[in-house]
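[1] Structure for this input, please:
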Amino acid sequence: MPQAKPTVGFIGTGVMGAPMAGHLLRAGYPLMVYNRTFAKAEPLIRQGARFAPPAEIAAACDVVITMVGFPEDVEQLYLGPGGLIGQAKPGAFLIDMTTSSPELAVRIYETARRRGVRAMDAPVSGGDVGARNASLSIMVGADPADFEAVLPILRVMGTTIHRQGGPGAGQHAKMCNQIAIASGLLGVCEAIAYAEKAGLDPEKVLASIEKGAAGSWSLSNLGPRIIRRDFAPGFYIKHFIKDMRIALHSARRLGLLAPGLELVLGMFEELAGRGEGESGTHALYKWLTSHML
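    Prediction:
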């Protein structure tokens with residue numbers, strides 16, 4: 001990396017991407033941004049970021065970060081006509097922070113390497129809270145030297161940052177994260193529903209159990225939202241369904257059973273069929289309470 005702060009491009013300024021890009025801007029990185037819905041990029045533009053299409057960002061930036069919705073978006077963005085890899089400067093770093101397919105991450109890495117561009121997968125965990133607080137966990141699949149080169153940038157957005165291995169390893173680690181969350185979130189919803197049915201004050205119950213063996217990020221951060229019936233998205237159901245489908249596909253390729261994941265995926269798919277795809281993942285509580293005996 002040069003001594004001066006490199007110019008960074010950030011593509012995808014939604015619920016997670018906008019605060020992540022904002023941290024980079026405030027840390028002094030020259031920033032270019034793009035989002036399909038221009039209004040979601042406007043706050044960053046008012047703070048000094050420059051809006052440009054992806055091809056222009058790739059040609060101008062030393063580092064390009066992507067945080068988009070689905071693997072097909074990632075594939076088109078990187079490998080499609082006029083994609084980032086073909087437009088990037090030689091030696092540029094391309095960091096995909098979308099939760100996507102491990103196999104696609106490997107394809108992007110290999111295509112980029114043939115063109116003299118350095119690509120890596122770096123999905124995150126921590127939700128909207130972690131994005132706003134710059135406390136994300138970042139799981140990286142990259143060559144060791146490339147990881148070290150971009151580590152200062154990753155540290156602006158997260159606090160727990162580990163290279164998991166080579167290309168695709170970051171996505172595999174994120175699948176572990178999503179598998180653990182799926183069954184854990186169901187437990188959170190069941191516990192709150194039980195407390196309410198038993199006539200307890202769910203806030204007092206939450207205060208009693210969140211610091212003990214039952215404690216989890218989901219319990220502490222999503223539990224209060226469930227109690228308030230605030231199902232606004234910190235992370236969309238539609239995106240979690242995408243993640244769980246990738247995880248289940250990967251598990252099957254590895255010859256691994258994932259019964260908890262399969263169960264919760266079915267619940268979320270039913271919720272999405274009811275029009276809840278834009279709700280937060282903790283709206284799983286709605287599935288549970290609609291199936292009470």
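
[2] Looks like K174 contacts P123 (just checking).
    Yes. Contact criterion CB atoms under 8 Å: K174 and P123 qualify, at 3.9 Å. C-beta here means a position set from N, CA and C on the backbone, and glycine is covered the same way.

[3] so what sits against both of the two?
    T99, M139 (CB atoms under 8 Å, 6 or more residues apart in numbering).

[4] now the closest residue to M139 other than its chain neighbours, what's its secondary structure?
    In this structure, M139 finds its nearest non-sequential neighbour in A173, 3.8 Å apart by CB to CB, 6 or more residues apart in numbering. Under the three-state scheme (DSSP: H, G, I helix; E, B strand; the rest coil), the conformation of A173 reads as helix.

[5] residue contacts, A173?
    A173 makes contact with P123, M139, G141, H162, Q164, according to CB under 8 Å, 6+ apart.

[6] Among the residues you listed, which lie within strands?
    Per DSSP state E, strands hold the following members of the contacts of A173: M139, G141, H162, Q164.

[7] returning to what we had before: select only the buried ones of the contacts of A173 in PyMOL?
    When burial is assessed using 16 or more other CB atoms under 10 Å, the buried subset of those is captured in PyMOL by this command:
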select buried, resi 123+139+141+164
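
[8] could the contacts of A173 go into TSV alongside distance to P102 and pLDDT?
    Below are these laid out as TSV (distance: CB to CB, whole Å; pLDDT from 0 to 100):
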residue	distance to P102	pLDDT
P123	10	98
M139	11	98
G141	8	98
H162	16	98
Q164	11	98
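
[9] Columns distance to G234 on top of the contacts of A173, output as CSV?
    Rendered in CSV, the data for those read as follows (distance: CB to CB, whole Å):
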residue, distance to G234
P123, 16
M139, 19
G141, 25
H162, 23
Q164, 24
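
[10] Of the contacts of A173, which is the nearest to K242?
    Distances from K242 to the contacts of A173, taken as CB to CB, are shortest for P123 (12.1 Å).

[11] so that closest one sits right up against T99, yeah?
    Yes. Using CB under 8 Å, P123 is in contact with T99, at 4.6 Å.

[12] can you pull out the helices in the stretch 101-250 of the chain?
    Listed in chain order, the helices of the stretch 101-250 of the chain (DSSP state H, counting those that start in this stretch) span 102-114, 127-133, 144-157, 169-197, 202-209, 217-228, 237-253.

[13] Poorly predicted segments of this protein, please.
    For the chain, residues meeting the criterion pLDDT under 70 lie at 1-3.

[14] what residue is smack in the middle of it?
    Note on the chain: the residue nearest the mean C-alpha position is V124, at 4.7 Å, using CA atoms, centre = their mean.

[15] Could you give the bridge partners of the residue lying closest to it once chain neighbours are set aside?
    Spatial nearest neighbour of V124, excluding adjacent residues (CB to CB, 6+ apart): L136 at 4.4 Å. Residues found in beta-bridge contact with L136 (criterion: DSSP bridges) are G158.

[16] Contacts only, for L136.
    Taking CB under 8 Å, 6+ apart, one finds M20, V124, S125, G126, G130, M157, G158, T159, T160 in contact with L136.

[17] mind redoing it with 6 Å?
    With contact taken as CB atoms under 6 Å, 6 or more residues apart in numbering, L136 is in contact with V124, G126, G130, M157, G158.

[18] Noted, bye for now.
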